[in-house]
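1. Here is a sequence together with a model predicted from it:
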Amino acid sequence: MTASSASPGEGRQGLRLVADDDLGMKAVELPAIDNDSAGYRGMRERIRELEGQVRSLQRQLEVERRHALIDPLTGIANRRALVERLKAEIARSQRNATPLSLVVWDIDHFKAINDRYGHPFGDDVIRCVAQAIDSHLRDSDFTARYGGEEFVSLLPDCSAGDAKCLAGKICRVIQERGCRLSDISLGLTISCGIASLHGNETAEMLFKRADDALYRAKTTGRNRVVVEFEA
């Protein structure tokens with residue numbers, strides 16, 4: 001069965017299948033819809049309004065999602081963003097057979113800084129170090145505040161040896177510049193541990209090796225760059 005056509009001015013008729021008393025199906029014509037009627041125009045306008053509201057909500061959700069990935073103290077990425085990016089970088093490195101290095105940074109003697117100058121000044125020091133690390137990395141690199149005075153950097157297409165050279169440069173810059181805030185000039189150093197991705201290992205395995213290297217840097221004098229497996 002086919003539906004009869006209608007001119008634009010006459011509206012359209014539709015067909016609906018309903019069950020009859022014998023449990024069979026029969027076609028019933030629906031009332032014609034006048035495309036030029038006020039009701040139809042109002043419906044189209046309402047649909048456009050709803051579509052606009054959906055687009056606005058989508059934009060708002062995207063903004064909120066971006067904010068949820070930013071550390072409010074430093075303005076760089078936060079731990080949640082790091083988890084997402086690390087998974088993506090590991091997948092890319094394994095897919096393309098390219099190196100990936102991970103650096104865990106920690107501000108030396110940070111507790112003493114907080115105890116002596118107070119937490120607001122400690123927050124300023126964290127911001128200072130975050131800016132120094134982030135500004136000396138490549139555009140393809142990624143740095144996040146992991147928590148407290150600790151940061152993590154991902155260096156795609158970078159071997160452990162190259163990562164050590166870059167990390168050493170950043171450590172020297174921070175040591176030479178220190179942190180000058182208000183009328184206080186503070187000598188400052190950081191330590192870091194480095195590990196590179198091996199085969200099909202997980203993000204947790206890669207991070208643990210870098211964190212173990214950081215621990216060795218902290219326990220053997222601080223202000224050091226230590227690569228995994230180094231004595």
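-> Thanks, I have the structure now.
2. Tell me which residue lies nearest the centroid of the chain.
-> Residue closest to the average C-alpha location in the chain (Cα atoms, centre = their mean): Ala81, at 3.0 Å.
3. what about that one, helix or strand, and which?
-> helix 79-96 (DSSP states H and E).
4. Let me know the next secondary structure element after that helix.
-> Taking DSSP H and E, what comes next after helix 79-96 is strand 100-107.
5. That following strand to helix 79-96, inter-axis angle?
-> If you take axes from the mean of the first three to the mean of the last three Cα atoms, to 10 degrees, strand 100-107 sits at 150 degrees to helix 79-96.
6. Now strand 100-107: buried residues?
-> Buried residues in strand 100-107, counted by 16 or more other Cβ atoms under 10 Å: Leu100, Ser101, Leu102, Val103, Val104, Trp105, Asp106, Ile107. (C-beta placed from N, C-alpha, C; glycine too.)
7. Now the fourth one. Nearest residue, chain neighbours left out?
-> What that stands for is Val103. Ser153 (4.3 Å; Cβ to Cβ, 6 or more residues apart in numbering).
8. what's the helix or strand hosting that neighbour packed up against?
-> Using DSSP H and E, Ser153 sits in strand 150-156. Where contact means 3 or more Cβ pairs under 8 Å, 6 or more residues apart in numbering; DSSP states H and E, strand 150-156 is packed against helix 79-96, strand 100-107, helix 119-135, strand 142-147, helix 160-177.
9. The lengthiest helix in the chain relative to helix 79-96, how many degrees between them?
-> With secondary structure taken from DSSP state H, the chain has its longest helix at helix 38-68. Interaxial angle of helix 38-68 relative to helix 79-96 (the same axes, to 10 degrees): 90 degrees.
10. what's the average pLDDT for helix 38-68?
-> Averaging pLDDT along helix 38-68 gives 74.
11. Would you pull up how far it lies from the middle of the chain?
-> 26 Å (Cα atoms, centre = their mean, to the nearest Å).
12. What number of residues are in the vicinity of the closest residue to Tyr117 other than its chain neighbours?
-> Distance criterion Cβ to Cβ, 6+ apart; nearest residue to Tyr117, sequence neighbours excluded, is Ile184 at 6.7 Å. Using other Cβ atoms under 10 Å, Ile184 is surrounded by 13 other residues.
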